[in-house]
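In: generate a structure from the sequence data that follows.
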Amino acid sequence: MARSTYFRHVDKFSIRERVHQVGATLSYIVECPPMQTTKFKAVFWDFGGVILSSPFDAFNAYERQHGLPIDFIRTINSRHPDTNAWALIERREVDSIQFDALFAKESEAAGHLVPGLDVLGMLSGSVRPEMVTALDRVIEAGYITACLTNNVSTDHSRAEVDAVMERFHHVIESSKVGCRKPEPEFYEIACATVGVEPHEVVFLDDLGINLKPAKAMGMTTIKVLNVAQAIFALEAALSIRLG
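Out: Here you go, the predicted structure:
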């Protein structure tokens, strides 16, 4: 269904009401490069914070429990983002034991010692069923899907996570390809793997720093603030129903 036809079937009040409900505007939640006219072929999805609940919630709970400043762990992860312990483990340049020591050193230098293994133990979020349904609808509509995830190599697996991962046509993992978001090479590998050009892609991620280079390459980007907003934004981009 063409986008113009899709919106003729939705009255203006309902559009305004849904935008109000998700707390964002259309111009903010869907960022398209100028003069975007090409039909999309693929949808790229981040995993943690998009398909899974955000690990930041677990970080904040840990911080409250241990009397740390809120967002302290995120602050450590954002310092020297290309060379810090977090970057190294996501590129599989260090193992979990090395990360434990490196993160402890970085956090202690910032004022509060946090063992790296504690951080790794907080990475498993819960699956968001509405987002899984949206993923299924996108696949049914004929789009190629890929999961673009900055992850940590582990021998452990979870059945519910594995079941979602198996849905994607492609999975691009930082721990396997040796680079990570927001490094441009990561997105280049993703596009080459899927066989699409950046302007043929819609990309969802919960971090603006990861979306910025993707948008610069030509992708249409959606910053995921919450489930309802993300689904509405993707519906608007693809002109299909996802619920």
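In: ok, and what's touching the longest helix belonging to the chain?
Out: Identified as the longest helix of the chain according to DSSP state H is helix 96-109. Contact partners of helix 96-109, identified using Cβ atoms under 8 Å, 6 or more residues apart in numbering, comprise 72-73, 76, 79, 84-86, 88-89, 94, 113-117, 119-120, 152, 154. Yep, even glycine has a C-beta here, placed from its N, CA and C like the rest.
In: did I read that right, Cys147 in a helix?
Out: No - assessed with DSSP: H, G, I helix; E, B strand; the rest coil, Cys147 is strand; it does not lie in a helix.
In: is it in contact with Trp45, as I believe?
Out: Yes - using Cβ atoms under 8 Å, Cys147 is in contact with Trp45, at 5.4 Å.
In: shared neighbours, those two?
Out: Ile51, Phe168.
In: comparing these two, which shows the higher neighbour count?
Out: Comparing Cys147 with Trp45 by other Cβ atoms under 10 Å, the one with more neighbours is Trp45, at 27 against 22.
In: count the neighbours of the closest residue to Pro81 other than its chain neighbours for me.
Out: Spatial nearest neighbour of Pro81, chain neighbours left out: Ala87 (6.1 Å); criterion: Cβ to Cβ, 6 or more residues apart in numbering. For Ala87, the tally of surrounding residues (other Cβ under 10 Å) stands at 19.
In: ditto for Glu166
Out: Glu166 is flanked by 8 other residues according to other Cβ under 10 Å.
In: tell me how far it lies from Ser239.
Out: Separation of Glu166 from Ser239 (Cβ to Cβ, to the nearest Å): 27 Å.
In: same question for Ile73.
Out: Computed as Cβ to Cβ, the Ile73 to Ser239 distance reads 39 Å.
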